[in-house]
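Trainee: got a predicted model here, sequence first, then my questions.
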Amino acid sequence: MSETEVATEVSEALHHETPGTSGTGDGAWPNPLYAWYVIAVLVLAYTFSFIDRQILGLLIGPMKRDLQISDFEMSLLQGFAFALFYTLMGLPIGRMVDSKNRVKIITIGIALWSLMTALCGIAQAYWQLFIYRMGVGVGEAALSPSAYSMISDYFKPERMGTALGVYGMGVYLGAGMAFIIGAEVVGAVSGVGTTELPVIGEVFPWQIVFLVVGIPGLGIALWAATLKEPIRRGVKQDADAPSIAEVKAYMGANGWTYTALFMCYALSAMMAYGASAWTPEFLRRTYDMNIVDAGRAYGWIIMLAGTAGVICGGWSADKLATRFRNGRMMVMAAAGVLTLPGAVLTPLMNDPFWALMCVIPTTFFATFTTGVGPSAMQELTPNRMRGLVSAVMLFVVSIIGLGIGPTAIAAATDFVFQNEQDLWKSLLVVPAILLLASSLFGYFGLKSYLKSRDYREAWEAKNT
């Protein structure tokens, strides 16, 4: 029996949902066991997406050498090339999420980004890599808007923060595994020069890494195709999604709340993406640490501290939300302040061991916004708008966080400090500014968050 057939049988055995009798999808919730099974598959997909997204962080040295490029050009591959199409395609895909089959959207997306990652392994020039990284962004744009929307239809509101926090584990499992797997592959092929592969021809060692992490994703796409599309809750099942004008009007009526939430999340992400992209290289340049050892150590920290943090953040938000109607925003505002001490101390340490010890709390607290941001957005937004609003949120977070984060660190190193060995200064100044700004946006959004909760309830009472 094939992997796909096994997954299908498990899916059918676990799946159970009872449509609402009112025609609004508000009947019995899906079987919790099946809902967590869906989360497991989505986490696996999200993990692979971040392996494909973050793998460049460990390959900076060899790629710069073989392609003859600068830190700034390398940062464009890490951030801008990916983020440009990830964000642009996210908007029309998010619109489709509100009315089309979300499982099919996810399946196509996984297959596309996996193929494009593998193609990076046969690229012969910088411009080819740039195009393939754009393709990775197009594919990955399909996952999170669809996943956020599906999760809100599988889990009750009081469990949504935890569920989205568990889904957010994929970020840190994937980012951590990218460094660990990359370190092992780099260690295995280092010193062997180029390799001759059948059909493909001669490739550098770093290209083998792309092939190793890209090809397995095609199997994940087949597995994701076996998931069941959940019934949309809180809406009439035969109703059309609100028009773009209606979504725009709704967001405009809650403009400051969405702005504060998105910017708090985006600036936190900008710090996290920037730091994760350059920390292994910082360890190499500042402490002369072997890049393989740096990748292993940093990868395990991201996997363990990051996973713990995103779950703890989601759980904390669920608990606070039962006592305070803006509890999720409270966690968002606190995250930057909690992350700041470790982020500032890391580049100031004289020893790589203590630098890595400081990275642990930094990673733990920085991950809080990953699960809480999407759950807060779901709490503010009617069901049939969530796909598009998720895409808008991801547009903002990705353009600022992923698109600018790695480049901000590189730009400070290349153009402000003008010395590769001063990377530590960039990792001191840039994250500190971003974390303080993130918390300020969260703090100033607390009052308007309450008003937006009331607005959503009034809107749904009128339109459902």
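Mentor: Right, received. Where do you want to start? What you are looking at is a predicted structure, and each value in this text was computed from that prediction instead of being measured.
Trainee: when you work out contacts or count neighbours from here on, use the C-alpha atoms and nothing else.
Mentor: Will do.
Trainee: can you give the distance of stretch 275-293 from its chain's centre?
Mentor: With C-alpha atoms, centre = their mean, to the nearest Å as the basis, stretch 275-293 stands 22 Å off its chain's centre.
Trainee: pLDDT of it, averaged?
Mentor: For stretch 275-293, mean pLDDT rounds to 89.
Trainee: helix, strand, or coil at residue 69?
Mentor: Three-state call for residue 69 (DSSP: H, G, I helix; E, B strand; the rest coil): coil.
Trainee: residue 159 too?
Mentor: Three-state call for residue 159 (three-state DSSP): helix.
Trainee: check what pLDDT the spatially most central residue of the chain gets.
Mentor: In the chain, the residue lying closest to the centroid (C-alpha atoms, centre = their mean) is residue 171, at 5.1 Å. pLDDT recorded at residue 171 is 77.
Trainee: do the same with the one 10 residues further on
Mentor: We have a pLDDT of 75 for residue 181.
Trainee: how near is it to residue 106?
Mentor: Distance of residue 181 to residue 106, computed by C-alpha to C-alpha, to the nearest Å: 25 Å.
Trainee: compare the two and say which is more crowded by neighbours.
Mentor: A direct count of neighbours by other C-alpha atoms under 10 Å for residue 181 and residue 106 places residue 106 higher, at 26 against 21.
Trainee: how close does that one sit to residue 50?
Mentor: 15 Å.
Trainee: so where is the protein shaky, pLDDT-wise?
Mentor: Low-confidence segments of the chain, defined by pLDDT under 70: 1-27, 58, 185-186, 188-193, 234-241, 464.
Trainee: ok, 50 please
Mentor: 1-24, 237 (pLDDT under 50).
Trainee: quick one, strands of it?
Mentor: 195-197, 201-203 (DSSP state E).
Trainee: got those as TSV, with distance to residue 166 columns?
Mentor: Listed next are the strands of the chain as TSV, based on distance: least, C-alpha to C-alpha, whole Å:
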stretch	distance to residue 166
strand 195-197	39
strand 201-203	37
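Trainee: as a markdown table, those strands with mean neighbour count and distance to residue 438 would be great.
Mentor: A markdown table is the format used below for the strands of the chain (neighbours: other C-alpha atoms under 10 Å; distance: least, C-alpha to C-alpha, whole Å):
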| stretch | mean neighbour count | distance to residue 438 |
| --- | --- | --- |
| strand 195-197 | 12 | 45 |
| strand 201-203 | 14 | 42 |
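Trainee: to residue 54, which of those lies closest?
Mentor: The closest of the strands of the chain to residue 54 is strand 201-203. By C-alpha to C-alpha, the value is 20.3 Å.
Trainee: next up, the contacts around residue 72.
Mentor: Contact analysis of residue 72 by C-alpha atoms under 8 Å, 6 or more residues apart in numbering lists 407, 410, 411, 414.
Trainee: which residues are in contact with the third one?
Mentor: Residue 411 makes contact with residue 72 under the criterion C-alpha under 8 Å, 6+ apart.
Trainee: how far away is it from residue 53?
Mentor: Distance of residue 411 to residue 53, given as C-alpha to C-alpha: 20 Å.
Trainee: now do the second one
Mentor: When distance is defined by C-alpha to C-alpha, residue 410 is 18 Å away from residue 53.
Trainee: nearest spatial neighbour of residue 91, skipping sequence neighbours?
Mentor: Here the nearest residue to residue 91 in space, its sequence neighbours aside, is residue 391; by C-alpha to C-alpha, 6 or more residues apart in numbering that works out to 5.2 Å.
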